[in-house]
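# Fold the following, please.
(2 chains)
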Amino acid sequence: MQPRRPLPPTPLLWLLLSLALPAAAVAPWDRERTDVPARPPAAGLPRGILQLAARAALHFFNFRASSPSALRVLAAVQEGRAWVDPQEGCEVNLVFSTERYNPEEEGEESLGKCSARVFFKNQKPRPAINVTCMGLTEKIKRQERDNLLYKQVKQLKNPLNVISIPDSHGHIDPSLRPLWDLAFLGSSYVMWEKTTQFLNYYLVQISRVKQLKTNDDGIDFDFTVLLHEFSTQEIIPCQIHLFWYPGKPLKVQYHCQELQSPEEASGIDEASAMAPTELSNF
Amino acid sequence: MQGPLRGGTGPGLSPVDRRTLLICTFILAVAWGQMNFTGDQVLRILAKDEKQLSLLRDLEGLKPQKVDFWRGPARPSLPVDMRVPFSELRDVKAYLKSHGLAYSVMIKDIQVLLDEERDAMARSRRLERSTSSFSYSSYHTLEEIYSWIDNFVAEHSNLVSKINIGNSFENRSILVLKFSTGGSNRKAIWIDTGIHSREWITHATGIWISNKIVSAYGKDHLLKKILNAMDIFIEIVTNPDGFAFTHSMNRLWRKNKSSQPGIACIGVDLNRNWKTGFGGNGSNRNPCSETYRGPAPQSEPEVAAIVEFITGHGNFKALISIHSYSQMVMYPYGYSLEPVPNYEELFNLAKDTVKALHKVHGIQYTFGSISATLYAASGITVDWAYDSGIKYAFSFELRDTGQYGFLLPASQIVPTAQETWMAIRTIMKHTLNHPY
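The predicted structure follows:
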């Protein structure tokens, strides 16, 4: 499966494009910005590159923070610029707002703000990211919540009698929410590493829990998630094995299923069993 | 009918109980067609002192059936509520004025209240009887939806009918609801949901909106205008085989279930199988791909059925194809960055649409052409519609932006449908006001 290519310009010269794209370009309520540019975005620059870069930066940020109770998601891109250099790659500088992934109390919206530089080298995945964020939950509160989450996971009875999280109707049992947050944290690492300037990912579901071990030195969690790949629309199963202890950096290894070619296809749409391969950062 | 509750200062029924009993009695009476309370009012008077209180009591004694106390004269500084029949209003108000009794009108017309309450009761009775507890805030199976369609059409046969436009690959019926107040081959609006089977929020929205149309028809003047001039067609389960599969085997199935001999993977992306732009970069020729375009344009029965129907009808003026997720309102083209001839008009209409949607629950949608806003997509429904002469062709992506994605919790069905309805209404209004 080829990554999606942009609509090609005339086949000769690629210019070094410096394009200031108004952020949230088509939000009609955003007073300071102009609306959709009169002409379409410059060729070579993928649609939605600012959103894509913001999400990649957040995946990286969440992974590095290693706190399943303090995950951040994108609220809105506020400013952004993107460059494409055919020799070098694609660089995006942006400022965006974030909100808490799991807001607890009513009104605890806590909008954060981040600035990031995201660099895709020659259409390759795993962009280089510099990101700083402000306005986040204080460290002490974060630690408290992480400790609570750790306790909650410890209390879960093994073997877990659960098939999918969320279920088909989007429901997550409150007792399983901590597992979902942990899976999201682990998936953040995977999604960051897989993101290119043309492909980005969303976590759909935990489709299988292989093993969950909680002892005094941490949570050992082996599971399969389904990622939704944009713009191909593919659903990618990834087996993830993570190890987490509150306050310590997350350790994760993973293996994602390659897309079927017509020859290999078995015709049955089930995720096959996978053996984890190389260590990622264990 | 005698006023059943004569004023009293003593204890007994509280004002709420009294009112409830009163209303129940009125409703019974109304149901038997005996009483009409049109124009009757409930006045609230604050008596300043004992003298004024006694004046009020006199009022009751003056003409026994002139007023009916809901909250009788008790002490100064406690409000007195009394129902005054329409025929006595002038006299009573004059009496109050002449004695310096200040009053305010609490209920301007009791009959209106009674009517509303009666309607509400009748409505819930109808619901229980016919839709056998069909919940608009849950997700349903194919069988449940098809059964709801039959009940719905039977209940609202003056406005709705069911059309079978063909069969799916696995031989399931493809059904379309027609909303019409008459006429012959009127200008028409097309709405489809569920072309990608995993996008469950879209079917749920289509169902809710169908119900909204019949329930709002009497009260929404704009909707009435629209239906007096145009017909609305809604295809709720555009991909029935895929939808059945999302329930039985794979919740995240997107395509239909067609297969070709010798090819191991099944399914064609129904939103890449249309003629306009077929085969371009925005689709895939690998049958195992989620955006597999199919062997040929319109090769899929689910697409061919719609093409045949819309082409045969010949008078469609707007088409809205509904997907999820991403929160976007988009217009053609998807297969090319080239702007359509009426690009500016569609841009402005999309802007208004998104504004109307945002007003409902504050949800932000982005808008623009498909190729500029989402990604290149070739062989899609709205491109075909536009090139077939349907000037107002829109593609929606409903909630959310990735937190739940396709697995949107059922609790978001009604809010999503409510805001989507206001968006669709905006497009229908524009279509009505810009005939071509």
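# where does the stretch 51-200 of chain A have low pLDDT?
A:103-109 (pLDDT under 70).
# switch to 80 and redo it
The model of the stretch 51-200 of chain A has pLDDT under 80 over residues A:102-110, A:137, A:158-163.
# Please list the residues of it that sit near chain B.
With Cβ under 8 Å from any Cβ of the partner chain as the criterion, the stretch 51-200 of chain A comes near chain B at residues A:55, A:73-74, A:76, A:101, A:164, A:166-171. C-beta coordinates here come from the backbone N, C-alpha and C atoms, glycine included.
# Can you pull the phi and psi angles for B:F309?
Here is the backbone geometry of B:F309 (degrees, to the nearest 10): phi -70, psi -50.
# Which pLDDT value goes with it?
Each residue has a pLDDT score; the one for B:F309 is 98.
# Report how many residues lie close to it.
Look at B:F309: counted by other Cβ atoms under 10 Å in any protein chain shown, it has 18 neighbours.
# wait, which of the residues of the stretch 51-200 of chain A next to chain B is closest to chain B?
For these, the residue nearest chain B by Cβ to the nearest Cβ is A:G170; the value is 3.7 Å.
# what's around the closest one, how many residues?
Around A:G170 there are 22 other residues, counting by other Cβ under 10 Å.
# Same check on A:I140?
As a burial measure, the neighbour count of A:I140 was computed by other Cβ under 10 Å and equals 8.
# Just the element for it, please.
Element membership for A:I140 (DSSP states H and E) is helix A:139-154.
# Kindly report the same for A:L242.
Using DSSP H and E, A:L242 falls within strand A:235-244.
# who does the helix or strand that comes right after that strand pair up with?
Towards the C-terminus, the helix or strand next in line after strand A:235-244, according to DSSP H and E, is strand A:251-256. If you go by DSSP bridges, strand A:251-256 pairs up with strand A:235-244 (antiparallel).
# Now tell me what touches the strand it pairs with from outside.
A:66, A:68, A:182-183, A:185-187, A:190, A:201, A:204, A:207, A:210, A:218-229, A:250-257, A:259, A:271, A:274, A:276, A:282, B:252, B:290 (Cβ atoms under 8 Å, 6 or more residues apart in numbering or on different chains).
# Put the alpha carbons of the helix holding A:I140 into CSV.
As requested, the backbone C-alpha atoms of helix A:139-154 are provided in CSV (Å, rounded to 0.1, in the frame of the first residue of the first chain):
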residue,chain,number,x,y,z
LYS,A,139,3.0,17.9,38.9
ILE,A,140,1.6,17.0,42.3
LYS,A,141,-1.9,16.6,41.0
ARG,A,142,-0.6,14.5,38.1
GLN,A,143,1.3,12.2,40.4
GLU,A,144,-1.8,11.8,42.7
ARG,A,145,-3.9,10.9,39.7
ASP,A,146,-1.3,8.5,38.3
ASN,A,147,-1.0,6.8,41.7
LEU,A,148,-4.8,6.5,41.8
LEU,A,149,-4.9,5.0,38.3
TYR,A,150,-2.2,2.5,39.3
LYS,A,151,-4.3,1.4,42.2
GLN,A,152,-7.4,1.1,40.1
VAL,A,153,-5.5,-1.1,37.6
LYS,A,154,-4.1,-3.2,40.4
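# what's the angle from that helix to strand A:235-244?
Computed by axes from the mean of the first three to the mean of the last three Cα atoms, to 10 degrees, the angle separating helix A:139-154 from strand A:235-244 equals 110 degrees.
# just how off-centre is helix A:139-154 within its chain?
In terms of Cα atoms, centre = their mean, to the nearest Å, the centre of helix A:139-154 is set 22 Å apart from its chain centre.
# Counting by contacts, list what that helix packs against.
When contacts are defined as 3 or more Cβ pairs under 8 Å, 6 or more residues apart in numbering or on different chains; DSSP states H and E, helix A:139-154 sits against helix A:177-194, strand A:200-215.
# rerun that using 7 Å as the cut-off
Helix A:139-154 is packed against helix A:177-194, with contacts defined by 3 or more Cβ pairs under 7 Å, 6 or more residues apart in numbering or on different chains; DSSP states H and E.
# give me the element the closest residue to B:L56 other than its chain neighbours is part of.
Closest residue in space to B:L56, ignoring its immediate chain neighbours: B:P73 at 4.5 Å, by Cβ to Cβ, 6 or more residues apart in numbering or on different chains. When elements are assigned from DSSP H and E, B:P73 belongs to no helix and no strand.
# Spit out the contact partners of B:P73.
If a contact means Cβ atoms under 7 Å, 6 or more residues apart in numbering or on different chains, then B:P73 has B:9, B:47, B:53, B:56-57, B:80 as its contacts.
# Just the pLDDT for it.
The predicted local confidence for B:P73 is 76.
# Contacts only, for the closest residue to B:A229 other than its chain neighbours.
Setting aside the residues directly before and after it, B:A229 is nearest to B:L432 in space (Cβ to Cβ, 6+ apart), at 6.2 Å. B:L432 makes contact with B:225-226, B:229-230, according to Cβ under 7 Å, 6+ apart.
# now the helix or strand where B:L432 lies: how far from the chain's centre is it?
Mapping B:L432 onto the secondary structure by DSSP H and E places it in helix B:413-433. The chain centroid and the centroid of helix B:413-433 are separated by 8 Å under Cα atoms, centre = their mean.
# Report the buried residues of that helix.
By neighbour count, and taking 16 or more other Cβ atoms under 10 Å in any protein chain shown as the criterion, the buried residues in helix B:413-433 are B:413, B:416-432.
# Repeat that for stretch A:204-216.
Those would be A:204-209, A:212, A:214, for stretch A:204-216 by 16+ other Cβ under 10 Å.
# CA atoms only for that stretch - export them in CSV, please.
Included here for stretch A:204-216 are C-alpha records, laid out as CSV according to Å, rounded to 0.1, in the frame of the first residue of the first chain:
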residue,chain,number,x,y,z
VAL,A,204,-10.0,3.2,17.6
GLN,A,205,-10.2,0.4,20.1
ILE,A,206,-8.4,-2.1,22.2
SER,A,207,-9.3,-5.2,20.4
ARG,A,208,-7.6,-7.8,22.6
VAL,A,209,-6.0,-7.9,26.0
LYS,A,210,-3.4,-10.6,26.0
GLN,A,211,-2.0,-10.1,29.4
LEU,A,212,-2.2,-7.7,32.3
LYS,A,213,0.2,-8.1,35.2
THR,A,214,0.3,-5.6,38.1
ASN,A,215,2.9,-6.0,40.8
ASP,A,216,4.8,-3.7,43.0
